[in-house]
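>>> one predicted model, sequence on top.
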Amino acid sequence: MAKAHQQFLEYLEDMDMEISVFIFPSPVSTAEEAANAVGQPLSSIVKSLIFQAGDEFLLCLVGGDRRVNEEELKRQTKKAEIKKAHPDTIRKVLGFSVGGVPPFGHSRHVSTFMDRYLFERKELFASAGSIDSLFSITPTSLRKLTKAKVAEIAS
């Protein structure tokens, strides 16, 4: 089992959360692969996208069928410059690789934004810390666990 996936499972255990984690025989590192693996529409997949504003990291939780509107993210954060974080930086800072970044359980605090559109789904599926695992969660529980600011950050 990958170290990052184990880190995520230990986080769940420490938080005493009962969340079902699904392990797949092949990677589900893209939203399309994840949707196919769970037999759900692309909109039920949560993409965990990491942006950087100077030394601060921002986690954006958006549906698999949506893209972050960087101008709106700048407005929400009041940051002049925002860019996608480099994959090596994400792995170093958060402890997870791109395609396997979960919405919580990181090695350091990250300001989190959750796209309002995710609340249109009853059940969501997000990475469980590796490219071959997902877990299911309700939008309300995801918001509560991530302490995310809910906003229209994607289109």
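Looks like it arrived, so ask away. Residues are numbered from 1 along each chain as shown.
>>> helices along the chain, start to end?
Using DSSP state H, the helices of the chain run over residues 3-14, 31-38, 70-77, 87-94, 139-146.
>>> any stretches of this structure with poor pLDDT?
Along the chain, the parts satisfying pLDDT under 70 run over 1, 16-17.
>>> which residues in it form strands?
When secondary structure is read from DSSP state E, the chain shows strands at 21-23, 46-53, 56-63, 83-84, 111-115, 124-127, 133-137, 149-151.
>>> mean neighbour count, these: which tops it?
Using mean count of other C-beta atoms under 10 Å, the stretch among the strands of the chain with the greatest mean number of neighbours is strand 124-127 (a mean of 25). Yep, even glycine has a C-beta here, placed from its N, CA and C like the rest.
>>> which other helices and strands does that strand contact?
helix 31-38, strand 46-53, strand 133-137, helix 139-146 (3 or more C-beta pairs under 8 Å, 6 or more residues apart in numbering; DSSP states H and E).
>>> re earlier: so which of the strands of the chain comes closest to Met15?
Between Met15 and those, the shortest separation by C-beta to C-beta is 12.5 Å, and it involves strand 133-137.
>>> name the nearest residue to Tyr117, sequence neighbours excluded.
With C-beta to C-beta, 6 or more residues apart in numbering as the criterion, Tyr117 has its nearest non-adjacent residue at 5.5 Å, and that residue is Gly63.
>>> tell me the bridge partners for the one you found.
On the basis of DSSP bridges, Gly63 takes part in beta bridges with Val46.
>>> just use 531 as the starting number from now, easier for me
Will do, 531 is the new start, and the previous item becomes Gly593.
>>> need the contact list for it.
572-577, 645, 647-648, 651, 684 (C-beta atoms under 8 Å, 6 or more residues apart in numbering).
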